[in-house]
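Undergrad: sequence first, predicted coordinates after that:
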Amino acid sequence: MRVLGILGSQQPNGITGQSLQAVLKGAAETATTDWINLADYQITADHDNQPNPVLDSLEAKLLAADVWILAAPTYIGGLSGIMKNFLDCMRNRIARYNAVGEAVPDRFKNKHYVTITNCYAGGVENFVTGVTDAAFKTMDKFLTMGGLIKVREIVVTKTFGMTTLSTKKQAECERAGQRAATKKERDDNTMKRYLELFGMIAVMALVTMGIEAGIGRLLPLDNFWAYYGVFVVVFYVLLASILHFFTVVKHRRR
């Protein structure tokens with residue numbers, strides 16, 4: 001198993017770099033590790049079939065690794081420019097494109113990845129407003145184009161003035177590295193998704209019945225169709241909200 005760290009930060013020894021090194025430390029217990037500091041490379045996009053030895057070198061490292069650890073800070077609510085430039089320049093290599101321009105996973109399919117970011121915002125603020133969501137979404141979009149499978153997200157909050165990663169976060173990063181280094185080549189999450197869906201439906205049905213009992217105190221719901229109609233509307237709104245949260249909004253924020 002080979003694990004490759006990819007750092008997109010202006011300060012290799014900052015909190016982002018320390019987080020990446022902690023993950024690699026955990027992975028090194030069972031895997032071979034290496035890392036790339038993108039700031040050390042002059043990365044430009046491919047143009048008109050001209051040679052691009054920098055991207056060729058980086059692509060070879062990506063192909064050789066089984067797990068990628070992407071680490072980049074959140075700047076002004078978005079992904080750092082160094083990492084974003086790397087993703088933009090690699091966009092034509094992460095997947096092949098069919099006749100209508102749709103990305104089709106190819107050589108990188110079924111590799112695994114972990115994403116890391118951090119921000120000045122506190123844990124509560126990030127939890128409520130999702131300051132780091134845009135950074136995670138940008139990395140996820142690029143990686144899922146290539147058919148990679150996500151293992152974990154890691155976020156460090158309230159980093160203004162912080163010079164050393166906390167002991168708690170260091171341990172969390174090392175555990176994430178240990179887990180990433182032992183992932184199987186392919187993941188089959190079908191049963192897990194069915195169980196999660198069952199849990200969502202069970203909870204939503206219970207909450208809906210509770211809400212309907214409250215509505216019944218204010219409005220007469222003795223008629224079957226009135227009771228049924230209120231149940232369907234409340235259930236739909238709640239289920240749509242939770243599905244939207246888990247499939248679109250939810251990212252690790254603490």
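TA: Looks like it arrived, so ask away.
Undergrad: first-to-last residue distance for stretch 141-153?
TA: By Cα to Cα, to the nearest Å, the extent of stretch 141-153 from end to end equals 14 Å.
Undergrad: what's it in contact with?
TA: Outside stretch 141-153, the residues that touch it by Cβ atoms under 8 Å, 6 or more residues apart in numbering are 67-68, 70, 87, 90-91, 94-95, 103, 105-116, 136, 140, 176, 179-180, 183, 187, 251-252. Where you see a C-beta, it was placed from the backbone N, CA and C, and this is true even at glycine.
Undergrad: in stretch 163-175, what counts as buried?
TA: Leu165, Lys169, Gln170, Glu172, Cys173, Glu174 (16 or more other Cβ atoms under 10 Å).
Undergrad: list the contacts of Arg93.
TA: Asp46, Leu55, Glu59.
Undergrad: and it, what element?
TA: Using DSSP states H and E, Arg93 sits in no helix or strand.
Undergrad: and it, how close does it get to Phe142?
TA: 11 Å (Cβ to Cβ, to the nearest Å).
Undergrad: try Gln10
TA: 20 Å.
Undergrad: can you check Ile116 too?
TA: In terms of Cβ to Cβ, Ile116 sits 15 Å off from Phe142.
Undergrad: give me the more crowded residue out of the two.
TA: Ile116 (32 against 23; other Cβ atoms under 10 Å).
Undergrad: got a list of what the more buried one touches?
TA: Contacts of Ile116 (Cβ under 8 Å, 6+ apart): 16, 19-20, 23, 69-72, 153-156, 173.
Undergrad: can you pick the most crowded of the residues you listed?
TA: Busiest of the contacts of Ile116 [other Cβ under 10 Å] is Val23, holding 32 neighbours.
Undergrad: give me the element it is part of.
TA: Using DSSP H and E, Val23 falls in helix 15-27.
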